[in-house]
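**Student:** following is a predicted model, sequence given first.
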Amino acid sequence: MTKIINFKNVTYTINNKVIIDNINLNIKKDGLLVLLGNNGAGKTTILKLMAGILIPTSGTINLSDMYTKQNNRIGFVFQKTIFLDRTVEENLFHALYCSMNAKNKENYIKLIQKELDQINMCHLLHEKAKNLSIGEQQIVSMIRSIIINPCILFCDEPTSNLDDNYKKIVENIIINMSNKIKVIMITQDIDQANRLGEEKIVIKNGKLLN
């Protein structure tokens with residue numbers, strides 16, 4: 001089993017408060033890993049430690065070469081989306097430009113159209129991203145993260161504010177991506193975790209329960 005992330009005795013504290021408490025964890029390459037726990041359990045902190053956004057107070061986090069190579073990109077999807085005050089097309093192209101230094105705009109616009117067409121949302125291309133519904137914004141956020149061809153995708157409760165229709169679309173995107181790369185997803189929804197999770201890790205009070 002190829003491992004891409006290894007936690008060894010990892011603890012993370014803020015102002016002497018223990019957020020993550022001496023955890024050991026091996027993350028294998030590819031597939032979907034679900035981090036399940038209540039609000040405040042420490043899920044997002046673990047995700048940020050995995051992504052290198054946070055540095056552990058003690059312990060070590062080892063990442064595979066595949067994950068750390070300069071040309072390998074990381075995708076993020078959060079509960080709250082942030083967009084430029086531009087159209088959907090311009091927001092997606094901006095992501096491509098920043099991650100790939102995209103110079104051939106015509107080719108990349110075709111790629112954007114292809115991704116949106118697969119979920120029947122091409123009609124949103126020229127709409128202002130900030131004017132979309134919450135569900136539409138989250139779909140665009142997902143597309144923005146996967147269109148850069150990431151080696152790993154982190155999703156922090158990506159369906160928490162969505163109705164059943166958009167929730168299903170996001171879940172299908174996550175499942176499809178997990179057949180290609182590693183996807184790590186946070187949820188508080190036990191049914192969703194059981195339905196989607198090839199691997200599940202339950203977190204409570206900064207500790208792993210399984």
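**Tutor:** The structure has been received and is ready for your questions. Residues are numbered from 1 along each chain as shown.
**Student:** domain parsing for the protein?
**Tutor:** 1-72+153-209, 78-150 (the TED database).
**Student:** make JSON lines out of those domains and add mean pLDDT.
**Tutor:** As requested, those are arranged in JSON lines below (pLDDT from 0 to 100):
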{"stretch": "domain 1-72+153-209", "mean pLDDT": "90"}
{"stretch": "domain 78-150", "mean pLDDT": "82"}
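**Student:** now mean neighbour count too, for the ones you listed, in a markdown table please.
**Tutor:** Any C-beta I mention is one placed from the backbone N, CA and C, and that applies to glycine too. Shown next, in a markdown table, are those (neighbours: other C-beta atoms under 10 Å):
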| stretch | mean neighbour count |
| --- | --- |
| domain 1-72+153-209 | 17 |
| domain 78-150 | 17 |
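**Student:** this structure: helices as residue ranges?
**Tutor:** 43-51, 65-68, 88-100, 105-117, 134-146, 164-178, 190-196 (DSSP state H).
**Student:** could you figure out how far the longest one is turned away from helix 134-146?
**Tutor:** Relative orientation of helix 164-178 and helix 134-146, computed by axes from the mean of the first three to the mean of the last three C-alpha atoms, to 10 degrees: 10 degrees.
**Student:** helix 164-178: how far from the chain's middle?
**Tutor:** Distance, stretch centre to chain centre, for helix 164-178: 12 Å (C-alpha atoms, centre = their mean, to the nearest Å).
**Student:** what's in contact with that helix?
**Tutor:** 30-32, 119, 134-136, 138-139, 142-143, 146, 153, 155, 158-159, 162, 183, 185, 192, 195-196, 198 (C-beta atoms under 8 Å, 6 or more residues apart in numbering).
**Student:** swap in 6 Å and give it another go.
**Tutor:** Contacts with helix 164-178, where a contact means C-beta atoms under 6 Å, 6 or more residues apart in numbering, come from 31-32, 119, 135, 142, 146, 153, 158-159, 183.
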